[in-house]
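Enquirer: could you look at this predicted model? Sequence included:
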Amino acid sequence: MSTLSARPDGAARWPSRAVSRPGSAARPLVAASNLDYYLVRPDNRDFAGPAGILVEEFGLGEDHSAVRLDSTGWTAGGSRWRGASAFSRGIRTDAALRDRVVGANRQEVEFVYRHLGGGELPGEEVLRGYFDAGIRLPTSAPLRLNPARATAGFAETRVYRVLFTAGLDPDELTGLLATWRMTPGHDSTGVLAGVVGTARRRIGADAFTWELRRIGAGAAWCLDLTADLAGSRDDAIGPLLRELTTAARMAGLIPVTIERFR
């Protein structure tokens, strides 16, 4: 999780991520939010603090896969929030631009917004009103397998993939594995693509397993979630995907899309 403080002059300081160490309890995320927040560094490395804010939201389909990405941004000294689709697209394709953003929680962004002269951060419904046309994400129907292929003892099995760009340094990776109480994979300390860690959880009668993977010869990351549903309800999938994606984002990864494969 990132932490934020103020300089003696009261200005906001660029946050650094505090991660859990081996053997320590994972730090909980601060108050859940429905929007994703980022602090933005100016294109001037002599300035140490954040000078802008990016707010995003993935639009989800009925099956919890992502169908669009909406966003708005604010720059210190600016008089208004503006749609930020071009910037959101850029941080997912341009490594230099991506290096200027860091995931934050709403409380941190409230602090920065106030100290940069913005006043009180608008509520989330107000922020949504500043979204522009957004980015439509490619979608396709999941591969429907015979119901008999569901995991034994369950009515349905689904598989989701959350794709991320950016990377994790060793401390950030250690913190994320601790947060999820993951069993390390065979290449958790290597550089090859593959499973880095695995975790499991029961929510009611449903069972969930997720794996953190390096993909694309280690150049990208993804989270694969297998949901074994005991009945026809899928209520637990959305909140769990949200929780896991938020933890990965706060560790340093930037979500690109949420796909359903099955």
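Expert: That came through, no problem. Numbers count the residues shown, from 1 in each chain.
Enquirer: any low-confidence regions in the stretch 101-250 of the chain?
Expert: Scanning the stretch 101-250 of the chain for pLDDT under 70 picks out 140-148, 186-193, 218.
Enquirer: which residues in it form helices?
Expert: 106-115, 124-128, 170-179, 237-251 (DSSP state H, counting those that start in this stretch).
Enquirer: got CSV for the ones you listed, with mean neighbour count and distance to Phe261 too?
Expert: C-betas here are computed from N, CA, C, even on glycine. Listed next are those as CSV, based on neighbours: other C-beta atoms under 10 Å; distance: least, C-beta to C-beta, whole Å:
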stretch, mean neighbour count, distance to Phe261
helix 106-115, 19, 31
helix 124-128, 14, 29
helix 170-179, 20, 22
helix 237-251, 20, 14
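Enquirer: what residues are bridge-paired with the nearest residue to Ile135 once chain neighbours are set aside?
Expert: Using C-beta to C-beta, 6 or more residues apart in numbering and skipping the chain neighbours, the partner closest in space to Ile135 is Leu69 (4.4 Å). Taking DSSP bridges, one obtains Phe58, Ile135 as the residues bridged to Leu69.
Enquirer: right, and Leu69 touches Ala133 too?
Expert: No. Look at Leu69 against Ala133 with C-beta atoms under 8 Å: they stay out of range, at 10.9 Å.
Enquirer: give me the common contacts of those two.
Expert: Residues touching both Leu69 and Ala133 (C-beta atoms under 8 Å, 6 or more residues apart in numbering): Ser85.
Enquirer: if we can go back for a sec, make JSON lines from the helices of the stretch 101-250 of the chain and add distance to Arg214 to it.
Expert: Shown next, in JSON lines, are the helices of the stretch 101-250 of the chain (distance: least, C-beta to C-beta, whole Å):
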{"stretch": "helix 106-115", "distance to Arg214": "28"}
{"stretch": "helix 124-128", "distance to Arg214": "33"}
{"stretch": "helix 170-179", "distance to Arg214": "10"}
{"stretch": "helix 237-251", "distance to Arg214": "13"}
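Enquirer: how about the ones you listed, which one is nearest Arg202?
Expert: helix 237-251 (11.3 Å; C-beta to C-beta).
Enquirer: so what touches that closest one?
Expert: By C-beta under 8 Å, 6+ apart, helix 237-251 touches 1-2, 17, 19, 29, 32, 36, 60, 64, 103-105, 158, 160, 162, 164, 168, 172-173, 175-176, 179-180, 201, 203, 208, 210, 212, 221, 223, 225, 227, 255, 258.
Enquirer: Phe111 and Asp234, how far apart?
Expert: 36 Å (C-beta to C-beta, to the nearest Å).
Enquirer: same question for Glu211.
Expert: For Glu211 relative to Asp234 (C-beta to C-beta), the value is 20 Å.
Enquirer: ditto for Thr257
Expert: Counting by C-beta to C-beta, the gap from Thr257 to Asp234 is 19 Å.
Enquirer: Met182 and Leu212 touch, don't they?
Expert: Yes. Assessed by C-beta under 8 Å, Met182 is found in contact with Leu212 at 6.8 Å.
Enquirer: more neighbours, Glu211 and Asp234?
Expert: With neighbours defined as other C-beta atoms under 10 Å, Glu211 and Asp234 compare such that Glu211 has more, 19 against 15.
Enquirer: I'd say the more buried one and Trp221 touch.
Expert: No. Using C-beta under 8 Å, Glu211 makes no contact with Trp221, being 10.9 Å away.
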